[in-house]
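need the 3D shape of this:
(chains A and B)
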Amino acid sequence: MITRHDTAAPPLGSHFESISAPLARKLLELALSSGGDYADLFFEYRAGADFTYEDQRVKSVGRGITCGLGVRVLKGDATGYAYCEQFEPEAMKRAARTAAQIAAAGSTLPPEQVVPVAIPDFYPVATPTASVLAPEKLALLRRGDLAARAADPRITKVVCTFAEEQKEILIVTADGRLFHDTQPLMRYGVYAIAESSDNSGKRQTGSSGGGGRKGMDYFDDRSPEWHGAEAARIALAMLDAVDAPAGEMEVVLGPGDSGILLHEAIGHGLEADFNRKNTSNYSGRIGGRVASELCTVVDDGTVGHSRGAINVDDEGNPGRSNTLIENGILVGYMHDWLSAKHYKIPPSGNGRRQSFRHNPMPRMTNTLLVAGPHDPEEILRSVKRGVYAKRFSGGQVNISNGDFVFSLTESYLIEDGRLTAPLKGVNLIGNGPDVLTKVTMLGSDFQYSDGIWTCGKDGQSVPVGVGTPTVKIAAITVGGTRA
Amino acid sequence: MRDPVEELKDLARRAAARAVRSGAEAAEAMISDSVELSVKVRLGEPELVHEAGSRVLGLRVFRDRRAAVTYTSDFGGALPPRGSRSSESTGDAALDRFIDESVTLAELAEPDELNELPAEGSFAPSPLPELELYDEAGLSVTAAQAIAFAREGEAAARGYSDKITNSEGATYSRTSGATAFAIEGRGRGGFSGGYRSSYQSLTVEPIADEQEEGPHGRKKRNGHYWTAARFASALESPESVGREAARRTIAKLGAEKIETGALPVVFDPEAGRGLLRALFSVLSGGAIYRRSSYLLDREGTAIASPLVTIVDDPLIPRAPGSRPYDGDGLPSRTNVIVENGILRTFLLDTYSARKLGRTSNGCAGRGVGGAPHVTTSNFILQPGTATPAQALSGIERGLYVTDLMGFGFNAVTGDFSRGAAGFLIEHGQLSRPVSEVTVSSNFDALWRSIDLVADDIDRRSSTACPTFRVAQMMIAGR
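Model prediction:
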């Protein structure tokens, strides 16, 4: 129920009062009535709000509610999936019967009883942003706007955004386990345009943002002023950007956001659905060398308050930290229920879905490259001519051949061990199984990215995080325009 | 049974009216109600059968020129209508409450003098144009038939050659639904409209393994091909989709990087579409008033080669991007955006047009979950007269691009750099497959240096183009 009228707050408190254990058991009985091997129920109530500040005023406020039940039935490797958008018994039963049709013979017994299972809490939030009065949030937008404008008169346009959601989920599995979680998520961002004061007509953009499964305390560490100044700094720095070089060269990745290289180059390829189907480059390579000895890669859903954290995955497995690559050797994949069964191992807590409308699959949480032995300064000094990558707009990978690309929005030329000219936006392209073997130096300066990343796969988006220290790659193709 | 569009229009009108009664000076309500079926078959066996219906109501309200945009799927009781049919209630208590709260929510925004409905008399008149967007036959496809289509497509791919060693599967999807839109303004008149639409598609994605062991094992190659249409009868046969997917996949075997250098580049219609999407992003009124485009102040000037004419046309019968009215309720109209290289107009919705001191040219799009914004309908780079083969002829060495990857477009500067795969062109012919390279250029230079537009337009998607050739781009590879 919605109780506050003075805020854009998503309603707090449970929306699942009408869902009883006997009702869940009845729905599972219907879902398994055609002989499915396994089934689960995924109840979701999501309330979100967003605010946009543009032209020095609160331009728009938005709010949205989606709720429903997704029913999944498994038979062999096949999935039957149906959903409904009301917690109305007849609609829910219809969804269960529809999903049941994937199986064609016999019937499977539902669990004798449905029992709640306790899970850890990696993101306790004393005061969710959703419960904070709107004027306080709107003030954050004004502060970011002011800071970006105050940075320099060449900043001509600023847009600030704040988005928050509160997602309540209830998962009931065919073996009678029930999980309940509330997942807060907030994100703040500043976007700035700088225009040169000479008559060159040059313009550039910069942006900075962050968030996570946090409350207003996020801004204690990262103030709106910090993000405003940072967006302005990037836009101004890029005004002087020169054409980027083209061709293979040494590249140094800065700490933090560069983890998207891991996410694309190797993360997706280690999602076990691709490996179960033998469609990934990493299929059948457990125990083999896939990276230089410096590299240990972990997918960690337990990083407190991070954007990629999950107390429980969307199939009812508690969030975990899983080592994927240890000192360059591939030791494990990320699993959902189907792939864990295929490989006959316990679930890894990576079964995620965008919403009740979507079936789960193996997904990343926070994908991290563990710190190495090198001084970041020493890494930079070791490069005669190359590119230093600092900020990114995103990346993409082709799972089957391993080619990946990621786009730099702030990067610099390295000449004789020093950063020199800023470079115009450029892509790096490489091959997943190849690039991590070319990591020749690894910094001691590990950083998490701030909470800005969203991962898309098969049309489903989920929030994720990345993290890495400074990384030196001996050779990767830089997609500039200067030969 | 009542016409489903009339049912939805009725609810949309009641929702907008409720918002006005609870204090909004104007309100727009949009409802989308659809059913979907999606099946995936892999290695001959069903992998996923996904079936559901979805109904969402989106609202935008203006109160004292302050705007709020909200949506909800939580309105169980409002359809079919029950109880009171007065304008005081939608018939569903939760929905009434949601509407009232949306009006209250607008108080948090700050006034914007441009927040008002389009002028009276500018809304799309009845009857709306009949664009044949709905095919009754699509809805009749059962899960079993869908599995059979997908199975047939995949089998054709796997049977095409023994080089096809694996499969990402074949997916058949259909969606079918109705949408309604109602606008109500205090003393401003209003609008209501609605239509049904359908869409179905089949995609086949085979995999081939390289025979040669590389430094990191054998690479795999995936390719795909798809067919999609509003009318089931317009789909290509599963067999031809499967065979074409296999042909494309096998053609990629042996792909490798080429040397870095500046080359002529030919984009096939699928890759070219990506460039056309990026061009739209800097032609929209939203990007212009936000100064987020390298094309500010360029109307009336050459922004592309004289071979380039781009039209946005929502009125093409049965086309994927057609619609009878725009997201502001204005009539759909055909706009010539670029004519023989000259930029004739930006694409404008009501808000961006006002922001720029003009009037809308009917390019507002609107999803249920958001505010109206500038979108394309059928955004088409008009075909030229050359054949695709002529695009290659005369090229000593060049790159033929079939796939683009990643982001890498700076709207403000026009700097463009994306990952690419395709084929090397040597002596006017495709010679060998290429992957893991980037293609880069400034967008302004790219569009001005197009020196050939072919006649093979691909109309499967709403952004459509034929093969075209760019005189020179920088390729980064080895």
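
give me the neighbour count for B:Ala156.
B:Ala156: 22 surrounding residues under other C-beta atoms under 10 Å in any protein chain shown. Where C-beta positions appear, they are placed from N, C-alpha and C, glycine not excepted.

contact partners for it?
Neighbouring residues of B:Ala156 by C-beta atoms under 8 Å, 6 or more residues apart in numbering or on different chains: B:Val204, B:Pro238, B:Glu239, B:Ser240, B:Val241, B:Gly242, B:Arg243, B:Ala246.

tell me the SS of it?
Secondary structure, DSSP: H, G, I helix; E, B strand; the rest coil: B:Ala156 is helix.

same thing with A:Cys67?
Counting by three-state DSSP, the backbone at A:Cys67 sits in strand.

which residue, other than its chain neighbours, is closest to it?
Nearest non-adjacent residue to A:Cys67, counting by C-beta to C-beta, 6 or more residues apart in numbering or on different chains: A:Tyr45, 4.3 Å away.

give me the mean pLDDT for the one helix or strand the one you found maps to.
Using DSSP states H and E, A:Tyr45 maps to strand A:38-54. Strand A:38-54 carries an average pLDDT of 95.

the contacts of B:Ala156: which two are farthest apart?
Greatest spacing in those, by C-beta to C-beta: B:Pro238 and B:Ala246 (12.5 Å).

any residues in contact with both of these two?
Overlap of the contact sets of B:Pro238 and B:Ala246 (by C-beta under 8 Å, 6+ apart) consists of B:Ala156, B:Val204.

need the pLDDT of the closest residue to chain B within chain A.
Going by C-beta to the nearest C-beta, chain B is nearest to A:Gly479 of chain A, at 2.7 Å. What the model reports for A:Gly479 is a pLDDT of 92.

who are the packing partners of the strand holding A:Tyr45?
In terms of contacts (3 or more C-beta pairs under 8 Å, 6 or more residues apart in numbering or on different chains; DSSP states H and E), strand A:38-54 is packed against helix A:21-31, strand A:57-75, helix A:89-100, helix A:134-151, strand A:155-173.

quick check: residues of the stretch 51-200 of chain B near chain A?
Counting by C-beta under 8 Å from any C-beta of the partner chain, the stretch 51-200 of chain B comes close to chain A at B:51-56, B:67-74, B:76, B:97-98, B:101-102, B:104-106, B:108-112, B:143, B:166, B:168.

now do 7 Å
With C-beta under 7 Å from any C-beta of the partner chain as the criterion, the stretch 51-200 of chain B meets chain A at residues B:51-52, B:54-55, B:67-74, B:76, B:97, B:101, B:104-105, B:108-110, B:112, B:166, B:168.

please enumerate the helices of chain B.
B:4-21, B:93-105, B:136-139, B:143-160, B:238-251, B:269-281, B:285-289, B:350-355, B:388-392, B:443-448 (DSSP state H).

please disregard the earlier target; I meant the stretch 151-300 of chain A.
A:218-221, A:224-238, A:260-262, A:272-276 (DSSP state H, counting those that start in this stretch).

could you dump these to JSON lines with mean neighbour count, distance to chain B and mean pLDDT?
Shown next, in JSON lines, are the helices of the stretch 151-300 of chain A (neighbours: other C-beta atoms under 10 Å in any protein chain shown; distance: least, C-beta to the nearest C-beta, whole Å; pLDDT from 0 to 100):
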{"stretch": "helix A:218-221", "mean neighbour count": "15", "distance to chain B": "19", "mean pLDDT": "94"}
{"stretch": "helix A:224-238", "mean neighbour count": "22", "distance to chain B": "8", "mean pLDDT": "97"}
{"stretch": "helix A:260-262", "mean neighbour count": "28", "distance to chain B": "11", "mean pLDDT": "89"}
{"stretch": "helix A:272-276", "mean neighbour count": "23", "distance to chain B": "9", "mean pLDDT": "89"}
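
quick one: closest of the ones you listed to B:Ala302.
Closest to B:Ala302 of these is helix A:224-238 (C-beta to C-beta; 27.0 Å).

now the angle from the closest one to strand A:155-173?
Helix A:224-238 and strand A:155-173 are oriented at 120 degrees to each other (axes from the mean of the first three to the mean of the last three C-alpha atoms, to 10 degrees).

who in the stretch 201-350 of chain B is up against chain A?
So the stretch 201-350 of chain B meets chain A at B:207, B:216-217, B:219-222, B:260-262, B:290-292 (C-beta under 7 Å from any C-beta).

hmm, which two among these are most spread apart?
B:Gly217 and B:Arg291, at 48.7 Å, using C-beta to C-beta across these.

settle it for me: which of those two has more neighbours?
The residue with more neighbours, out of B:Gly217 and B:Arg291, is B:Gly217; 18 against 15, by other C-beta under 10 Å.

so where's chain A uncertain?
A:1-13 (pLDDT under 70).

most distant residue from the middle of it?
A:Asn199 (41.2 Å; C-alpha atoms, centre = their mean).

and that residue, how close does it get to A:Pro153?
Separation of A:Asn199 from A:Pro153 (C-beta to C-beta, to the nearest Å): 15 Å.

thinking again about what came up before, contacts only, for the residue of chain A closest to chain B.
Neighbouring residues of A:Gly479 by C-beta atoms under 7 Å, 6 or more residues apart in numbering or on different chains: A:Ala246, A:Val426, A:Asn427, A:Leu428, A:Ile429, B:Ser417, B:Thr438, B:Ser440, B:Ala476.

one more: A:Gly62?
Residues near A:Gly62 by C-beta under 7 Å, 6+ apart: A:Ala49, A:Asp50, B:Ala68, B:Val69, B:Thr70.

what do you get if the cut-off is 8 Å, keeping everything else the same?
With contacts defined as C-beta under 8 Å, 6+ apart, the neighbours of A:Gly62 are A:Ala49, A:Asp50, A:Phe51, B:Ala68, B:Val69, B:Thr70, B:Gly370, B:Ala371.
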